[in-house]
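**Q** sequence and predicted structure, then a few things I'm wondering about:
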Amino acid sequence: MKTGLAAAFVTLALMDAAFAQPGATKPPGTRAPAVQTPAAQTAKSARWLQNFRSWLQAVAEHRPGEKDGPADRVGRMTEGELDAVRADLFSLVRIHQERRAGVVTYKDEPFTLSGIETLLGLTGEAAARSDANRVLKRAAILHGDVAMLVVPYGSNPIGCSTRLAVIVRDGRPIGDRCVGVHWVMGQALLDATRPDPAKDPMVALWYEATIAFLIERRDFANADRQIDRGAVLFPDAPGLLFEHGYYHEILASRGLQSAVQASKTDDRSASAHLKEAEGLFRRALASNPDFIEARVHHGAVLGALRRHGEAADELRKAAAAAAAEDVVLRYYAELFLGDEEQALGGNDSARAHYSEASTLLPSAQSPWIALSALARRGGNRVEALSAIRRALDLHSSQQDRREDPWWEYYSWLNQNSVTRLRDLYRPFVEGVPQ
Amino acid sequence: MNARVPVIMALLLSCPPLSAAAQNPTFSSKVEAIRVDVLVTERGKPVLGLGPGDFEIFDNGVGQQVDLVSFDRQPLNVILTLDMSDSVIGERLANLRVAGRGVLDGLKTGDRAALVTFSHAVSLGADLTVDLARVRIALEQTRPSGYTSVVDASFAGMMIGESDAGRALVIVFSDGLDTSSWLAPEAVLEIAKRSDAVVYAVSAGADQDGGFLRDLGEQTGGRLFEIESTSKLSAIFVQVLEEFRRRYVLSYSPTGVSADGWHQLTVRVKGRNATVKARRGYLAGK
């Protein structure tokens, strides 16, 4: 979670514009390549080619995960320039794949096969297979980095057509802004990888890592787009199923539901989102029964759906299976289990689980508030007052949100974006062939 | 400001605070005095000078004998429960501080005050004290940051209010929707049925759902003020304090009713066309 004022901002998708999927439809602005004689070639490099070369240079020079000069340059490109670059890349790759003899003219520029290979950096086997994966993947990472590191939240430096998102602060819509075109670029580039992006671990990791980032930043407009495409490519990947379920769980949360309903961006109720989340978490657990984080969230969602018996069972399993060092997951499991036991009438057990949560994280406020409310509902004012004083004694007004993971529940991932992005970048930083 | 409820009467029930016996009233064998905090109005103005014989109280439909009426005699415990999340900045923060000071300035000798502030965390800026300067200092020292846990904070305010035998007035101010409370609103509303505290809430900002605070106000005999701007916040806080002072505190010993469960209450003023708005009832026993 970001700190400071921006931390309270979340975005929700309001409208979405479809981008052409490479390989499926012809990108806008693409001209059919025509075979021409060398006499028709022009020596003068057109402006489009200068832009394209500049973009390719940025792709080659960008250091993954850094807000560097190339990322800044690409961040200043207009939406139209980005559309054109993408269309040009796909067209040149297609021309190379067709392996026509002689010179092919594209946008009034003459190209030979070797010229395209040089331009795109295709060498060796990659050139023989017309495999542009390296440039496509590096470019996807660049555009992801631009979206994450360069394009500031709450502004839109590249122009906004129909892509809008509602900005929510403190649970209330306060304005709107554009959805990031760089995410769409990244998707389109990876969709063009060969032989099949749906079987490429790097592509899967790009989606997992970037979705984690967007969820942590509560940028649901862009997360929504990433999740949709990720689900199409990797329908059974437990990590993506979990993130997809988490997304619905967040949209069902108290803090977002009012904003969702008020913004009219989504006519689904909290209950509908919870049911969706429950199914996705269940599928994630079917793929990976040892996915403790998914089990904790599954239990929480079952509880929210008032399926308290199932919820308690799931949370007990999670608490028992969580490793000793997974303190936050164990904390969540115990805290939620307290509520489920209470709902099932087991007040003593509820008290024990809240107390265990408090033991796990002594600086957390929520278990003490829960203990106080439990005592007060049971008519025990002395215990209720004692517990609330313990809760209030823990905190000053400048409380760090990290001290009680409950406050981060809707933006916290056990394997966070930093870890996942590091894994994503490593092969590119180390020069491992992709 | 939304003034859809121009006349308010609140009914406050109280068992002796922190008394173990109060947790399990056994009306048939051991009579517990029930304290009832009441505001009576006619044509929007408080009706003063009423005595025990002027009131009728029905506990689950059974008429009760009103033993005692007091007016403006008991000291107040005022718990300011104020939103200090990210959105309370600039003029809004300044207005909130002025409003808080206004309430403190309106307290009399013997009255006590406390300051509970909340963002995502709930903090006790100053515990209940007659030393109002301490509360003033705490009010000035608050700094906004973070999310909004208005549900947890309202619960905490009520608990602090219950920590003393005085009449508890909880004034809750928030300008945002709850985004980070652990407690569910329904749980706190259920607890409010058992609480002595009266909650008045002020909710600032457009397009917001004051549902929880409205329900909490009605449940405890207070009410919700919904405002667009905080420019008149101080006047509202002072109005709340004055309204609370004009309540009668009635006392009766329940007879002919069960010891446990929900007790529906009806309060009337005999022989007058007075408007009576009381809390709906109280929850006794486990």
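**A** Okay, I see it.
**Q** do a quick rundown of the strands in chain A.
**A** With DSSP state E as the criterion, chain A has strands at A:9-13, A:34-35, A:104-106, A:109-111, A:164-169, A:172-178.
**Q** can you list the domains in chain B?
**A** Following automatic domain parsing, chain B resolves into domains at B:21-72+B:248-284, B:76-245.
**Q** quick one: end-to-end distance for the last one.
**A** Taking CA to CA, to the nearest Å, the span from the opening residue of domain B:76-245 to its closing residue is 8 Å.
**Q** dump the domains of chain B into JSON lines; add mean neighbour count as well.
**A** Using the backbone N, CA and C atoms, a C-beta is placed for each residue, glycine as well. Compiled in JSON lines, these are given as follows (neighbours: other CB atoms under 10 Å in any protein chain shown):
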{"stretch": "domain B:21-72+B:248-284", "mean neighbour count": "17"}
{"stretch": "domain B:76-245", "mean neighbour count": "22"}
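**Q** so which of those comes closest to A:R295?
**A** Shortest separation from A:R295 across these is recorded for domain B:76-245, at 20.7 Å, computed as CB to CB.
**Q** what's the helix or strand for B:D37?
**A** If you go by DSSP states H and E, B:D37 is part of strand B:34-38.
**Q** restrict that strand to CA atoms and write it as PDB.
**A** Provided in PDB are the C-alpha atoms of strand B:34-38 (Å, rounded to 0.1, in the frame of the first residue of the first chain):
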ATOM      1  CA  ILE B  34     -33.700   1.500  34.800                       C
ATOM      2  CA  ARG B  35     -32.600   4.900  33.900                       C
ATOM      3  CA  VAL B  36     -34.200   6.600  31.000                       C
ATOM      4  CA  ASP B  37     -32.800   9.600  29.200                       C
ATOM      5  CA  VAL B  38     -35.700  11.600  27.600                       C
END
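**Q** list the helices and strands that strand packs on?
**A** Packing contacts for strand B:34-38, counted by 3 or more CB pairs under 8 Å, 6 or more residues apart in numbering or on different chains; DSSP states H and E, involve strand B:55-59, strand B:248-252, strand B:261-269.
**Q** direction included, what does the last one pair up with?
**A** With DSSP bridges as the test, strand B:261-269 is paired with strand B:55-59 (antiparallel), strand B:281-284 (antiparallel).
**Q** do you know the pLDDT at the residue nearest to A:E383 when sequence neighbours are not counted?
**A** Closest residue to A:E383 apart from its sequence neighbours, by CB to CB, 6 or more residues apart in numbering or on different chains: A:A375 at 3.8 Å. The score at A:A375 is 96. That number is its pLDDT.
**Q** looking at the strands paired with strand B:261-269, which has the lowest confidence?
**A** Lowest mean pLDDT within those: strand B:281-284, at a mean of 82.
**Q** picking up where we left off before, and the next element down the chain from the strand holding B:D37?
**A** Next along from strand B:34-38, by DSSP H and E: strand B:40-42.
**Q** which residues pair with the spatially most central residue of chain B across the strands?
**A** Note on chain B: the residue nearest the mean C-alpha position is B:V198, at 1.7 Å, using CA atoms, centre = their mean. Under the criterion DSSP bridges, B:V198 forms beta bridges with B:L169.
**Q** what residues are up against it?
**A** By CB atoms under 8 Å, 6 or more residues apart in numbering or on different chains, the contact set of B:V198 is B:A10, B:L12, B:D37, B:R167, B:A168, B:L169, B:V170, B:T220, B:G221, B:G222, B:F244, B:R279.
**Q** tell me the spacing between it and B:Y282.
**A** In this view, B:V198 and B:Y282 are 13 Å apart by CB to CB, to the nearest Å.
**Q** correct me, but the residue nearest to A:E383 touches A:R389?
**A** No: counting by CB atoms under 8 Å, A:R389 is not a contact partner of A:A375; they are 12.0 Å apart.
**Q** between those two, which one's more packed in?
**A** A:A375 (21 against 18; other CB atoms under 10 Å in any protein chain shown).
**Q** contacting residues for that one?
**A** Contacts for A:A375 (CB under 8 Å, 6+ apart) come out as A:R381, A:V382, A:E383, A:A384, A:A387.
**Q** okay but the fourth one is in contact with B:M159, surely?
**A** Yes: counting by CB under 8 Å, a contact exists between A:A384 and B:M159, whose distance comes to 6.0 Å.
**Q** joint contacts of the two?
**A** With CB under 8 Å, 6+ apart as the test, A:A384 and B:M159 both reach A:S372, A:R376.
**Q** low-confidence ranges, the chain, go.
**A** With no chain named, the answer covers chain A. Along chain A, the parts satisfying pLDDT under 70 run over A:1-45, A:152-179, A:260-266, A:395-401, A:433-434.
**Q** that's the wrong chain, I meant chain B
**A** B:1-32, B:72, B:206-210, B:286.
**Q** now the helices for it?
**A** Under the criterion DSSP state H, helices of chain B are mapped to B:90-105, B:132-141, B:150-161, B:185-192, B:211-220, B:233-245.
**Q** got CSV for the ones you listed, with distance to A:T118 too?
**A** Formatted as CSV, the helices of chain B follow (distance: least, CB to CB, whole Å):
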stretch, distance to A:T118
helix B:90-105, 58
helix B:132-141, 66
helix B:150-161, 63
helix B:185-192, 65
helix B:211-220, 65
helix B:233-245, 69
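**Q** what about these, which gets the closest to A:R402?
**A** Evaluated over the helices of chain B, closeness to A:R402 peaks at helix B:150-161, with 17.7 Å, by CB to CB.
**Q** distance between the strand holding B:D37 and the chain's centre?
**A** Strand B:34-38 has its C-alpha centroid displaced from the chain centroid by 12 Å (CA atoms, centre = their mean, to the nearest Å).
**Q** and the longest helix along chain A, what other elements does it pack with?
**A** Ordering each helix of chain A by length in residues (DSSP H) puts helix A:79-98 first. Packing partners of helix A:79-98 (3+ CB pairs under 8 Å, 6+ apart): helix A:47-61, strand A:104-106, helix A:113-120, helix A:133-145, helix A:181-191.
**Q** of the helices and strands packed on strand B:34-38, which is nearest A:T359?
**A** For A:T359, the closest of the helices and strands packed on strand B:34-38 is strand B:261-269, at 35.3 Å, according to CB to CB.
**Q** so what touches that closest one?
**A** B:9, B:11, B:13, B:36, B:38, B:40, B:47, B:50, B:54-61, B:193, B:250, B:254, B:257, B:276, B:278-285.
**Q** and if you look at stretch A:193-209?
**A** Contact with stretch A:193-209 is made by A:129, A:131-133, A:136-137, A:140-141, A:144, A:186, A:190-191, A:226, A:229-230, A:233-234, A:237, A:239-240, A:243, A:417, A:420-421, A:423-424, A:427, A:434, as judged by CB under 8 Å, 6+ apart.
**Q** and it, what's buried?
**A** A:T193, A:R194, A:P197, A:D200, A:M202, A:V203, A:A204, A:L205, A:W206, A:Y207, A:E208, A:A209 (16 or more other CB atoms under 10 Å in any protein chain shown).
**Q** could you tell me which of these belong to helices?
**A** By the criterion of DSSP H, membership of those in helices covers A:M202, A:V203, A:A204, A:L205, A:W206, A:Y207, A:E208, A:A209.
**Q** helices of the stretch 151-300 of chain A, residue ranges please.
**A** A:181-191, A:201-216, A:220-233, A:238-251, A:254-263, A:270-287, A:292-304 (DSSP state H, counting those that start in this stretch).
**Q** could I have the CA atoms of the first one written out in CSV?
**A** Backbone C-alpha positions of helix A:181-191 (Å, rounded to 0.1, in the frame of the first residue of the first chain) are rendered in CSV as follows:
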residue,chain,number,x,y,z
VAL,A,181,-2.7,2.4,-22.3
HIS,A,182,0.7,0.9,-21.4
TRP,A,183,-1.0,-2.1,-19.9
VAL,A,184,-2.9,-2.6,-23.1
MET,A,185,0.4,-2.3,-25.0
GLY,A,186,2.0,-4.9,-22.8
GLN,A,187,-0.9,-7.3,-23.3
ALA,A,188,-0.9,-6.9,-27.0
LEU,A,189,2.9,-7.4,-27.2
LEU,A,190,2.8,-10.6,-25.2
ASP,A,191,-0.2,-11.9,-27.1
